[in-house]
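A.B. asks: Sequence first, predicted coordinates after that:
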Amino acid sequence: MKKIILFVILIIAFIVMYVNVNAKEDEIVIPDAAIRVRVIADSNQIYDQSMKMKVKKYIETSISPLLLNVGGVEEARGVIKNNLRELESGIKEIFSDNGYDKDFVIHFGDNYFPEKDYRGVHYEAGAYESLVVTIGEGEGDNWWCVLFPPLCLLEASENETGDVEYQFFVAKMIEKFFK
C-alpha cells in the first residue's frame, strides 16, 4: 500500500513540475525595448566553438553585471557604448591567452537574427537592437540571449538550482520508501 501511495504522489509531483516548467517557459517573452547579445563562432570546429563560449562568458561577467541596476533602455545603450573598447580589449586578451589568431568584429546597433524556436517559444527573424560579436568568418553556430533587461542572468540562475533540487528530492523519496 505504501508503494502505491508513493507512486501516486510521485506521478502528481512530476505533473506539477512539468506544468510549472512549461508555464515558466511560456512567460519568457523578449520585451520590445530589449537589447540582445549574440556571439557567432568562426566555424563549428570544437576549438572555434570553445572560443565562442569564452567570449560569451566574458560578456556575462563583464558587461552583463553593469546592466543589472540600469533604469531603462537609453541608460543601457549608454553603458554598452561606453564599454565597447573594454569589451574589445577583453576579447583580444582572451584570444591572445589562448593562441587564437582569428579576427573579430563587434557591432552594436540593429543586427539580423534568424528565426529560432527555444524552449517552446518561437522567436521571429528580423533586425533587432543588439551587441553582436562575429568571430572570424562567422560561419559557426551562435549563442544569443537578451542583454537588457538581463534575461540571460535570470535564466542562468533558474537553471543552476531547479533541476538539481527536484532530482535530489525525488531520489531521496525513492531511496526512503523502497529500501
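C.D. replies: All right, it came through fine. Residues are numbered from 1 along each chain as shown.

A.B. asks: going forward, measure contacts between C-alpha atoms and count neighbours the same way
C.D. replies: Will do.

A.B. asks: which SS state does the closest residue to residue 101 other than its chain neighbours fall under?
C.D. replies: In space, and not counting its chain neighbours, residue 101 is closest to residue 95: 6.8 Å by C-alpha to C-alpha, 6 or more residues apart in numbering. Recorded secondary structure, residue 95: helix (DSSP: H, G, I helix; E, B strand; the rest coil).

A.B. asks: Can you tell me what sits against stretch 125-142?
C.D. replies: The contact list for stretch 125-142 (C-alpha atoms under 8 Å, 6 or more residues apart in numbering) reads 34-45, 48-49, 52, 102-116.

A.B. asks: cool, and stretch 50-66?
C.D. replies: Contact partners of stretch 50-66, identified using C-alpha under 8 Å, 6+ apart, comprise 39-41, 79-80, 83, 87, 90-91, 94-95, 135, 142-143, 147, 150, 153.

A.B. asks: Okay, strands next: where are they in this protein?
C.D. replies: Along the chain, the stretches classed as strands by DSSP state E are 35-40, 104-113, 116-118, 121-123, 126-135, 142-148.

A.B. asks: And the fifth one, what's buried?
C.D. replies: By neighbour count, with 16 or more other C-alpha atoms under 10 Å as the criterion, the buried positions of strand 126-135 are 128, 129, 130, 131, 132, 133, 134, 135.

A.B. asks: what's the burial count for the nearest residue to residue 144 once chain neighbours are set aside?
C.D. replies: The shortest distance from residue 144 to any non-neighbouring residue, by C-alpha to C-alpha, 6+ apart, is to residue 38 (4.1 Å). Burial measure for residue 38: 23 neighbouring residues, criterion other C-alpha atoms under 10 Å.

A.B. asks: cool, residue 41 as well?
C.D. replies: 27.

A.B. asks: Could I get the contacting residues of it?
C.D. replies: For residue 41, the contact set (C-alpha under 8 Å, 6+ apart) comprises 48-49, 51-52, 134-142.

A.B. asks: In JSON lines: those residues, plus distance to residue 30 and pLDDT.
C.D. replies: Converted to JSON lines, the contacts of residue 41 look like this (distance: C-alpha to C-alpha, whole Å; pLDDT from 0 to 100):
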{"residue": "48", "distance to residue 30": "28", "pLDDT": "97"}
{"residue": "49", "distance to residue 30": "26", "pLDDT": "97"}
{"residue": "51", "distance to residue 30": "27", "pLDDT": "98"}
{"residue": "52", "distance to residue 30": "23", "pLDDT": "97"}
{"residue": "134", "distance to residue 30": "22", "pLDDT": "97"}
{"residue": "135", "distance to residue 30": "25", "pLDDT": "98"}
{"residue": "136", "distance to residue 30": "28", "pLDDT": "97"}
{"residue": "137", "distance to residue 30": "28", "pLDDT": "97"}
{"residue": "138", "distance to residue 30": "24", "pLDDT": "96"}
{"residue": "139", "distance to residue 30": "25", "pLDDT": "96"}
{"residue": "140", "distance to residue 30": "24", "pLDDT": "95"}
{"residue": "141", "distance to residue 30": "21", "pLDDT": "94"}
{"residue": "142", "distance to residue 30": "18", "pLDDT": "93"}
